[in-house]
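Asks: sequence plus the predicted model coming up.
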Amino acid sequence: MVNDRTPLLPQVQQSGASSRISTVFNGKRILLVVCVSIGILGLWICSPRSMANTTTSSKPTIAANRENLSFLVVGDWGREGLYNQTLVAQQMGKIGGELGTQFVVSTGDNFYNSGLSNVSDPTFTYSFTDVYTASSLQTTWYAVLGNHDYKGNVLAQLSDDIVTRDWRWFCRRSFQLNFTMCNGSSAGSCNATLDMFFFDTTPFIDEYWTPEKISKFNWTGLAPREEQLQLQLDELREGLNTSSATWKIVVGHHTIRSVGNHGDYAELVEKLLPILEEFKVNAYINGHDHNLQHILRQDSTVNFFTSGGGSKSYAGLQAYTEEQGVRFARDGQGFLAVTVDSDSMSFSFYDVFGDELYSFVLGK
C-alpha cells in the first residue's frame, strides 16, 4: 500500500484554551481566509483558531489523497525502549505500514517517570526518536499529557523548541483536529468527517491536589484549578456543540470506564462523561491503565477504549460484571489501530507480537 506523507505546514493561531487543525483529504475546504494551498490533488489545510494554554505554531505532517483515515494509538510508553517498548514500536511500524496510517495518537504518560526536565532532556531522544524509527511512524504524533508528564517540566513538552529536535512531535494541553475524507477532487465528493478533541484530564483528578501530592506536580501555566476545569469543559462543550462531523472522538489520558488497575475516575464520570453522552461522542480513547480495553455499557452510547500498553504492563485487571459492558480486556502490551470512512469506524487491538487480538466495527 502506498503511504503518501507530504509535509504540510499549517499555521496555529493563538486565542483561547486549545487549538484546531482542519484537514481535507483529496478535496478542498476553506474555513477562514487563512489557508495554505498545497497543490496535491487539491489538498488544502488550514487552522482556523486555537485556544489558551498552548504554545506557538507547529508543523504536523498529514498524509493526503485518501478516501479513508487510519491512525495508531499508543499510551504510557516512554521508558527509553525498556519493558518491551521497542518491541511494541516495531509492531506499530509494521501495522502502520500495512494500514497506511496518517498519524499517531499518544494518550499520555509520554516520558517516565517524571516527564522531561527541559527541552534538551535526552530522555526525549532515547524514549521517542530512537525508538519509533519505522518509516510508517515518520508522521505527526498528536500527544496529550499524562500525570507522569506533569511531574516534570510540562512546558518543555508543549514547547516549539522541542519540535526542532523531532518534527513529528505535537503536544498541547488540549486541541481539536478536523478531517474530511473525499473520494474525488471536487468538494461534492467529500462524504465523511471526523472531529477529534484532545482533552487534558490530569487537572481533574482530586488526589493530585492533596497536600501529600500537590508538590509532586508542576501546574505551571494553568489557571486556578476550578477556573481551569470549567474553562476546559466549556470549550469542549462548545466544540462538540458546533461539530456536525460524521464521527466524534475525544482523547484523554485518564480512564472514565475501566476494569484495569486504576478503574473508573469518579471526577471524570461526573464532569466529563455527561458532555460526551449529551453530544453523542462515538468514542473516548485513553491510556493510564497499562492494558488494552473496550467497554460499551448498556447505560451509555460512548465506546471506551483504553490503549495504555506502550511499555510496562501487567498490573492486573479487576473482576468485572456483565453490567460493566466489557467487550474486551487484555492485561498486556500493545496498541490500537483506528480506520475511519464514510460508513464506519473500525478499532483493532494488536499485541507486542503484532497479532490482532480484537476488532470492533462501529457503524452509523
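Replies: Received, thanks. Numbers count the residues shown, from 1 in each chain.

Asks: how close does residue 163 sit to residue 139?
Replies: Residue 163 is 14 Å from residue 139, where distance means C-beta to C-beta, to the nearest Å. Glycine gets a C-beta too; all of them are placed from N, C-alpha and C.

Asks: these two: which has the busier surroundings?
Replies: Neighbour count, other C-beta atoms under 10 Å: between residue 163 and residue 139, residue 139 has more, with 24 against 19.

Asks: where does the stretch 1-150 of the chain dip in pLDDT?
Replies: Residues of the stretch 1-150 of the chain meeting the criterion pLDDT under 70: 1-66.

Asks: which residue ranges form the strands in it?
Replies: Assigned by DSSP state E, counting those that start in this stretch, the stretch 1-150 of the chain shows strands spanning 5-7, 19-25, 36-37, 44-46, 61-63, 69-74, 103-106, 141-143.

Asks: now the stretch 251-364 of the chain
Replies: Using DSSP E, counting those that start in this stretch, strands in the stretch 251-364 of the chain cover 283-286, 292-295, 303-307, 326-330, 334-340, 344-351, 356-363.

Asks: would a markdown table of those strands with mean pLDDT be doable?
Replies: A markdown table is the format used below for the strands of the stretch 251-364 of the chain (pLDDT from 0 to 100):
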| stretch | mean pLDDT |
| --- | --- |
| strand 283-286 | 99 |
| strand 292-295 | 98 |
| strand 303-307 | 98 |
| strand 326-330 | 98 |
| strand 334-340 | 98 |
| strand 344-351 | 98 |
| strand 356-363 | 97 |
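
Asks: dump the ones you listed to a markdown table, plus distance to residue 234 and mean neighbour count.
Replies: Below are these laid out as a markdown table (distance: least, C-beta to C-beta, whole Å; neighbours: other C-beta atoms under 10 Å):
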| stretch | distance to residue 234 | mean neighbour count |
| --- | --- | --- |
| strand 283-286 | 18 | 25 |
| strand 292-295 | 27 | 25 |
| strand 303-307 | 23 | 27 |
| strand 326-330 | 32 | 18 |
| strand 334-340 | 27 | 24 |
| strand 344-351 | 27 | 20 |
| strand 356-363 | 28 | 13 |
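
Asks: tell me which of these lies nearest to residue 182.
Replies: Smallest distance to residue 182 across the strands of the stretch 251-364 of the chain (C-beta to C-beta): 13.0 Å, for strand 334-340.

Asks: need the residues that contact that closest one.
Replies: 68-74, 88, 91-92, 95-96, 99, 101, 179, 181, 192, 194, 247, 249, 285, 292, 305, 307, 309-310, 345-352, 357 (C-beta atoms under 8 Å, 6 or more residues apart in numbering).

Asks: a helix runs through residue 207, doesn't it?
Replies: Yes: membership of residue 207 in a helix is supported by DSSP: H, G, I helix; E, B strand; the rest coil.

Asks: so who does it touch?
Replies: Residue 207 neighbours (C-beta under 8 Å, 6+ apart): residue 213.

Asks: how much space between residue 148 and residue 154?
Replies: In terms of C-beta to C-beta, residue 148 sits 11 Å off from residue 154.

Asks: between these two, which contacts overlap?
Replies: With C-beta under 8 Å, 6+ apart, residue 148 and residue 154 have common neighbours residue 115.

Asks: name the residue closest to the centre of the protein, please.
Replies: residue 105 (3.9 Å; C-alpha atoms, centre = their mean).

Asks: can I get stretch 84-102 in CSV, CA atoms only?
Replies: The C-alpha trace of stretch 84-102 is given here as CSV (Å, rounded to 0.1, in the frame of the first residue of the first chain):
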residue,chain,number,x,y,z
ASN,A,84,9.2,-4.1,25.5
GLN,A,85,8.6,-0.5,24.4
THR,A,86,10.9,-1.2,21.4
LEU,A,87,9.0,-4.4,20.5
VAL,A,88,5.7,-2.6,20.6
ALA,A,89,7.2,0.2,18.4
GLN,A,90,8.4,-2.4,15.9
GLN,A,91,4.9,-3.9,15.6
MET,A,92,3.4,-0.4,15.3
GLY,A,93,5.7,0.2,12.4
LYS,A,94,4.6,-3.0,10.7
ILE,A,95,0.9,-2.5,11.2
GLY,A,96,1.2,1.2,10.4
GLY,A,97,2.8,0.3,7.1
GLU,A,98,0.1,-2.2,6.2
LEU,A,99,-2.7,0.2,7.0
GLY,A,100,-1.0,3.3,5.6
THR,A,101,-1.7,5.2,8.8
GLN,A,102,-1.6,9.0,8.5
